[in-house]
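# Need coordinates for the below:
(one chain, ligands or ions: 3)
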Amino acid sequence: MSTTTGQGDLFGDAPLRRVAVAEVAVAAPIMTPLTYLLPEGMDVALGSRVKVPLGSRVVEGFVMGLREVSSDGGSFKSLLEISEGPPLLTSVTLELGSRLAHRYGAAPGESFQTVLPAPVRAGMSSPTIRHIRLASDRDATSLHVATLKGKLARQGQFTLLTALLATTEDSIPLATLLETSGTTMSPVATLARQGWITISERYDDEPVGEKSAAPTPTPEQAAAIHSLVSAIHSRKSHTFLLDGITGSGKTEVYVSAAETALALGRSVIMLVPEIALTPQTVERFRSRLGRVAVLHSNQADGARARQWETLRRGEVRVALGPRSALFAPLPDVGLIVLDEEHEGTFKQQNHPRYVTRDVAKMRAEIEGATLVLGSATPSLEAEGMVVRGDAARLRLTTRATGAKLPQVRIVDMRNEKPMGKGGLFSTALFHRTRETLARGHQVLLFLNRRGFSTQVLCKRCGWRARCHACDVNLTYYQGTSLLICHYCDFRQEAPRSCKECLNPDIKFHGAGTEKVVESAASLFPGKRIRRMDGETLRARGAAESIYADLKSGAIDILVGTQVIAKGLDIPNITLIGVINADTSLLIPDFRAAERTFQLLCQVSGRAGRGDHSGEVLIQTFEPNHYAMTFAQHHDTAGFARTELVVREAHGYPPFGHLVRVIAQSPDAKDSENAAREIRATLDATAEVLAGAVTLLGPAPCPIPMLQGSYRWHLLARAADDRDLDAIIAACPERNLRRGVRVIVDRDPSAMM
Ligand code: ADP
Ligand code: ZN
Ligand code: ZN
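Residues are numbered from 1 along each chain as shown. Ligands and ions are numbered 1, 2, ... in the order given. Coordinates of the predicted model:
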């Protein structure tokens, strides 16, 4: 590209002079910043958003550097425009974006797109949103409404007040109210003047109600808080692993640490997995910390831009959200918390594929902040940080409320004649379920698979229902009578007979949650059984309705996937049955044991949270697997010890570090050839590194075809993480050539 001129042309005829230039990260997949001339009199600061010419286009960019060079003035194109206002990037987010780009092989311009939300980059103005609420009490308002009824001239006022009385919300956005009631501003103004309603600006960060008081910390909590408070006071970057069983009061520890940071005038970033960003979580932090800005991924553009500005000015000092909240423009961050740090959603699954834990550590280092990784089942990566001395462990070993952890029993399915339709219940699970229901308690049945059955096949000719675009089985959904691909969402009507030989006797193997419901219904007739999984949760308000019914006792048995493993806090659930613990163990991935262990511990944590003790039955065909036996005893330390040995023996994380490169193409041969080509390129790099990096592959991916693309992959492995920087740098562009896409995944979370 002709704009990349690097240094000035030293051999030109024009006299050399000193000129000011800007290094600009342009919004294009160009791996280095480009140099542009600063026109005389143009005032530009680091981090400013600018417009620059690129080829025949004008693109957006961010100023990453300013310097003077010797030039005849003709070697550089000029910067065109600077956006008004303070720079969008601060020195911290600028540095963070650069490091992010370097680590994950993104162009700097792409990485700033990750750091800055789209509406902010687009320079969205941020209109204030006005809310309307009732100013008098509801009874008085109702009486007034009655006087308005039927009066044509007062129709608008009548409609507005009726709408406000009908809502359970404490206020309604003005725009919504006008739209749904079909009235104009005039009755709004009248009602406000008469004192029936108030119009206010309302921010999403408003505290809800009174601040609540902190409970007296347990001795373990106090020790953890003490360590965090000292670290925050030191203003140096420290990392802690808060290793505490479910219900041990980790949130209280975060809140106390946050109070310390705020008292020092510093800011706090609180990261939670996407799925945990519930109103209950938000409420807990607000009730203790006051103003908290909640960052949702589905926030409206205007609201997001406005909130970003509020944070940038430091008007609200706590940001709570999923992984992207890590880039909140808060000034002087003193504390970053990653709650449930082991969760998969902390890995971004599109470019740049960053690991939140690692980028959080970057930010903590840049800001001199304290980083807390919290979990009841720490990831092996976090354990590795402790082993290497990069993080200090803080332990919480007892439940803060004094409740006991449930009794966990392993049921060996190899010697069972399972009961119920489809044969999903061991004798033990059947009896314990019956007894638990008889006592009026609730039962949770867990199976980490949606649908009715995961294999639809014909035993006569060997036909299987497979996705045409992905090399995987289709899942049968009985409720809708559909076959669905879980990877590309392809759907078709389920056949009544074999598609090949017309055999009417199709088999449905591999149980999903629908089949569990059917099986439970056959054994416990008349009991109220509900299902909670990715499918049933798609309906609006479904989660709330299920929670409400669980709380009120309108559900006897809840069947669900991992969506029930998190957050569910129902005191009356005293029995949990894991229908098949082996599903996650069989996945060909080095993290299979870790995932299984974490899932079993989480599910177990849902039992016996109230006054009654809980019990968990784990059905498995591998009763002696260490993931089962350590989960049985809630022994995270034991599991980590054993798993670390396995990982070390194979050079897997946290001992070895990985880069996975995938080449995909609609053409099978193209994807293979591209993968071989990449291997040759990386071989050259690996040779320079003299044995520090091992390359494996290429080979077809475990799922060799996805959404119509063939996939080959290779792995680079190194004992020292830093040696992989060169591999990342040597990887080809994402669009290697027409029809071939290259995915570079550092520290991949899945190997499929
Ligand atoms: P975790 O996040 O470790 O699973 P939580 O922070 O949710 O645990 O705490 C579990 C329960 O214990 C909550 O209801 C919380 O209010 C309560 N709790 C926490 N700390 C204390 C304490 N020191 N004294 C009494 N109750 C506490
Ligand atoms: Zn057949
Ligand atoms: Zn598919």
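
# contacting residues for the residue of the stretch 1-150 of the chain found nearest ligand 1?
Relative to ligand 1, the nearest point of the stretch 1-150 of the chain is residue 96 (27.7 Å; Cβ to the nearest ligand atom). Where you see a C-beta, it was placed from the backbone N, CA and C, and this is true even at glycine. Taking Cβ atoms under 8 Å, 6 or more residues apart in numbering, we find residue 96 in contact with 115, 327, 359, 362, 363, 366.

# Local confidence estimate at it?
Looking at residue 96, its pLDDT reads 95.

# For it, what is the enclosing helix or strand?
Per DSSP states H and E: residue 96 is located in helix 91-104.

# could I get the contacts of residue 96 as JSON lines with neighbour count?
Shown next, in JSON lines, are the contacts of residue 96 (neighbours: other Cβ atoms under 10 Å):
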{"residue": "115", "neighbour count": "24"}
{"residue": "327", "neighbour count": "24"}
{"residue": "359", "neighbour count": "24"}
{"residue": "362", "neighbour count": "18"}
{"residue": "363", "neighbour count": "23"}
{"residue": "366", "neighbour count": "17"}
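
# Can you tell me the centre-most residue of this structure?
Geometric centre of the chain, nearest residue: residue 345, 3.1 Å, by Cα atoms, centre = their mean.

# Tell me if it really is in a strand.
No: using DSSP: H, G, I helix; E, B strand; the rest coil, the assignment for residue 345 is helix, not a strand.

# Could you measure from it over to ligand 1?
As judged by Cβ to the nearest ligand atom, to the nearest Å, residue 345 and ligand 1 stand 17 Å apart.

# And residue 682, by the same measure?
43 Å.

# So residue 609 sits against residue 402, correct?
No: assessed by Cβ atoms under 8 Å, residue 609 is found out of contact with residue 402, at 11.6 Å.

# More neighbours: those two, which one.
residue 609 (21 against 8; other Cβ atoms under 10 Å).

# Look at the more buried one and give its secondary structure.
Three-state call for residue 609 (three-state DSSP): coil.

# Can you name the residues of this structure that neighbour ligand 3?
467, 469, 470, 485, 487, 488, 490 (Cβ under 5 Å from the ion).

# And the helices in the stretch 601-750 of the chain?
626-632, 636-650, 668-688, 724-730 (DSSP state H, counting those that start in this stretch).

# and among those, the most buried is which?
Highest mean neighbour count among those (mean count of other Cβ atoms under 10 Å): helix 626-632, with a mean of 22.

# by contact count, what packs against that helix?
Using 3 or more Cβ pairs under 8 Å, 6 or more residues apart in numbering; DSSP states H and E, the elements in contact with helix 626-632 are strand 407-412, helix 592-604, strand 615-620, helix 636-650.

# do that again at 6 Å, thanks
strand 407-412, helix 592-604, helix 636-650 (3 or more Cβ pairs under 6 Å, 6 or more residues apart in numbering; DSSP states H and E).

# quick one: contacts of it?
The contact list for helix 626-632 (Cβ atoms under 6 Å, 6 or more residues apart in numbering) reads 408, 410, 593, 596, 597, 600, 601, 620, 638, 639, 642.

# How about stretch 687-705?
470-471, 588, 675-676, 679, 682, 686, 711-718, 723, 752.

# And the residue of the stretch 301-450 of the chain that's closest to ligand 3?
residue 450 (14.7 Å; Cβ to the ion).

# contacting residues around that residue?
Going by Cβ under 6 Å, 6+ apart, the list of residues near residue 450 reads 512, 513, 533, 534, 535, 561.

# Name the nearest residue to the fourth one, sequence neighbours excluded.
Put plainly, it is residue 534. Ranked by Cβ to Cβ, 6 or more residues apart in numbering and with sequence neighbours excluded, the top spatial neighbour of residue 534 is residue 450, at 5.5 Å.

# so how far is residue 513 from the one you found?
According to Cβ to Cβ, to the nearest Å, residue 450 and residue 513 sit 6 Å apart.

# anything in contact with each of these two?
By Cβ under 6 Å, 6+ apart, the residues touching both residue 450 and residue 513 are residue 533.

# Could you say which helix or strand holds the residue lying closest to residue 101 once chain neighbours are set aside?
Distance criterion Cβ to Cβ, 6+ apart; nearest residue to residue 101, sequence neighbours excluded, is residue 111 at 3.8 Å. Take DSSP H and E as the rule and residue 111 turns out to sit in helix 108-115.

# and the angle for that helix with helix 91-104?
Between helix 108-115 and helix 91-104, the angle comes out at 120 degrees (axes from the mean of the first three to the mean of the last three Cα atoms, to 10 degrees).

# model confidence over helix 108-115, on average?
Computed over helix 108-115, the average pLDDT equals 90.

# Send me it as PDB with only the CA atoms.
What follows is helix 108-115, C-alpha atoms only, in PDB (Å, rounded to 0.1, in the frame of the first residue of the first chain):
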ATOM      1  CA  PRO A 108      -3.900  -2.000  16.200                       C
ATOM      2  CA  GLY A 109      -6.900  -0.400  14.500                       C
ATOM      3  CA  GLU A 110      -8.900  -3.600  15.100                       C
ATOM      4  CA  SER A 111      -7.900  -3.800  18.700                       C
ATOM      5  CA  PHE A 112      -9.200  -0.300  19.300                       C
ATOM      6  CA  GLN A 113     -12.500  -1.400  17.900                       C
ATOM      7  CA  THR A 114     -12.500  -3.900  20.700                       C
ATOM      8  CA  VAL A 115     -11.600  -1.300  23.300                       C
END
